[in-house]
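Chemist: Predicted model and sequence follow; I will ask about them next.
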Amino acid sequence: MLVKTFGSSIIGINAITITVEVNMDNGIQFFLVGLPDSAVKESHQRIEAALRNNGYKIPGKKIVINMAPADIRKEGSAYDLTIATGILAASEQINPATVGNYVIMGELSLDGGLQPIKGALPIAIEARRQGFKGFILPKQNAREAAIVSELEVYGAENILDVIRFFNGDASLEREIVNTREEFYAQLNEYEFDFSDVKGQENIKRALEIAAAGGHNVILIGPPGSGKTMLAKRLPSILPPLNLHEALETTKIHSVAGKMSRHASLISARPFRSPHHTISDVALVGGGSNPQPGEISLAHNGVLFLDELPEFKRTVLEVLRQPLEDRLVTVSRARLTVEYPASFMLVAAMNPCPCGFYNHPDKECVCAPGVVQKYLNKISGPLLDRIDIQVEVVPVPFRELSDVRISEKSDAIRERVVKARQIQEERYKEHKGIHANAQMSSKMLRTICRIDETGHTLLKNAMEKLSLSARAYDRILKVARTIADLDNSPDIRPDHLAEAIHYRSLDRETWGL
């Protein structure tokens, strides 16, 4: 008897349907074909033990299982339940009539329990697109898949639950999630708030400008000055995710297996902070079985690189293309996958190896030329993609002991959202551009016009502060964002003056 069951395979952040054909004939052999990897081949032993421990068995016949399309490699243990259901249906131990109406996925334990799978959300989206009635999967992943409307999602804890469901002996409880209610309930939940930060008003202002224009930031300051504390609070002032962004972010985390148990929808902007020992593949994604990297997990959020010069040079260099294209393409001999990577880069570093260059109280003990050598660990092309460079100085005791509460993140976010709305209107005819940081050089000439006074100011600043040529475009972009925060249609000289202030590392006298 021939029976077809359906599973799914993940390529990039999308799923494709896999048909598992189980044919039972006279004989005693077992064949599993269709380009399965070792984990899929080992499903035979898991299925056999799980069925036997629950009062069922694999019949002693010739069983041929084909996983189609046969030219796509099938990886992982999530096909256990798909194959087991096909074997039971083909041997008529369960009713095969409705098996083909569902996508069935899950890893089996030897006692028949179901273990969670990766990529439940993209699989559910594809199942709905293909017109399946429902999706049966482990209970732990049910809420994640149930955010897809018009698809019946059933979470099972054991293979016996699935057997009884298809035999009509018992029903599985359908998982129902109100997507919009779930999304809006968690929209403004943030662990950190800017009201916790004492002093550092100039750095808060710089981060507000960065959030308003989508600009990348680097914070330079001695140990203990608050760089990490400030960076962790940046997501709390970014504009809230819309539903489309939340779904896209959740898909990436689902594919990477980063969704927490019984989670449904990610509605807060992600904040990723990898250690400086990270490899380039772990940062951008890839591997023999390609997986999203940290920059994709930070999609629609913040990627924070602490101790920037301590990262390997090769790791930092692979950031250059994703920062421009907001997309990562991972190419292998047998496939090419794309992962979205639209993130804000926030980096932090000490000004020198000892950490006290330009410190107001402590003296730097680094030898001559060491500061510049330390800075040279970061390449010019990478610095070229960072719009705001700001020095962080330690907070004096009088500000640390101040009992007054600082401005809350909600108030800052309101100003950021208003500035972003101005930019959305400005770039509505430019596909893929939503913020000032994404402007091209050609657009810069028409959008960032300055008057004669501003032109003179910028000319004098570049000459007196020995600013490099790459600082010119960055200053104009940041000045445009400052003007948007000020609700000003024109870039005024005071906007330019503030933007010039945020180009510390571009001064040729830095580190000398």
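Modeler: Received it, and whenever you're ready, just let me know what you need. Residues are numbered from 1 along each chain as shown.
Chemist: Specify the local secondary structure of Val20.
Modeler: strand (DSSP: H, G, I helix; E, B strand; the rest coil).
Chemist: pLDDT value on it, please?
Modeler: For Val20, the model assigns a pLDDT of 96.
Chemist: give the contact list for it.
Modeler: Lys4, Thr5, Phe6, Gly7, Ile65, Asn66, Met67, Tyr79, Thr82, Ile83, Gly86 (C-beta atoms under 8 Å, 6 or more residues apart in numbering). In short, each C-beta sits where N, CA and C put it, glycine included.
Chemist: Wait, Pro255 touches Lys118, no?
Modeler: Not quite, residue 255 is Val, not Pro. Yes - with contact defined as C-beta atoms under 8 Å, Val255 counts as touching Lys118 (6.2 Å).
Chemist: more neighbours, these two?
Modeler: Neighbour comparison, Val255 and Lys118: the larger count goes to Val255, with 27 against 20 (by other C-beta atoms under 10 Å).
Chemist: which residue packs closest to that one, ignoring adjacent ones?
Modeler: Nearest residue to Val255 in three dimensions, chain neighbours excluded: Gly119, at 4.7 Å (C-beta to C-beta, 6 or more residues apart in numbering).
Chemist: What is the burial count for the one you found?
Modeler: Using other C-beta under 10 Å: Gly119 sits among 27 other residues.
Chemist: measure it to Asp80 for me?
Modeler: For Gly119, the distance to Asp80 (C-beta to C-beta, to the nearest Å) stands at 15 Å.
Chemist: tell me, what's touching Val255 and Lys118 both at once?
Modeler: Ile10.
Chemist: ok so, going back, let's have the contacts of Val20 in JSON lines, adding neighbour count and secondary structure.
Modeler: Listed next are those as JSON lines, based on neighbours: other C-beta atoms under 10 Å; DSSP: H, G, I helix; E, B strand; the rest coil:
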{"residue": "Lys4", "neighbour count": "17", "secondary structure": "strand"}
{"residue": "Thr5", "neighbour count": "27", "secondary structure": "strand"}
{"residue": "Phe6", "neighbour count": "22", "secondary structure": "strand"}
{"residue": "Gly7", "neighbour count": "25", "secondary structure": "strand"}
{"residue": "Ile65", "neighbour count": "25", "secondary structure": "strand"}
{"residue": "Asn66", "neighbour count": "15", "secondary structure": "strand"}
{"residue": "Met67", "neighbour count": "23", "secondary structure": "strand"}
{"residue": "Tyr79", "neighbour count": "31", "secondary structure": "coil"}
{"residue": "Thr82", "neighbour count": "26", "secondary structure": "helix"}
{"residue": "Ile83", "neighbour count": "25", "secondary structure": "helix"}
{"residue": "Gly86", "neighbour count": "30", "secondary structure": "helix"}
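Chemist: give the contact list for Gln421.
Modeler: Here Gln421 is in contact with no residues (criterion: C-beta under 8 Å, 6+ apart).
Chemist: secondary structure element for it?
Modeler: helix 409-426 (DSSP states H and E).
Chemist: ok, back up a step: got the contact list for the residue nearest to Val255?
Modeler: Gly119 touches Ser8, Ile10, Ala15, Ser254, Val255, counting by C-beta under 8 Å, 6+ apart.
Chemist: Which ones among those residues map onto helices?
Modeler: Within the contacts of Gly119, residues falling in helices by DSSP state H are Ser254, Val255.
Chemist: tell me which of the contacts of Gly119 is nearest to His44?
Modeler: The closest of those to His44 turns out to be Ser8 (C-beta to C-beta; 20.5 Å).
Chemist: Least confident secondary structure element in the chain?
Modeler: The weakest-scoring helix or strand in the chain, judged by mean pLDDT, DSSP states H and E, is helix 397-400 (a mean of 65).
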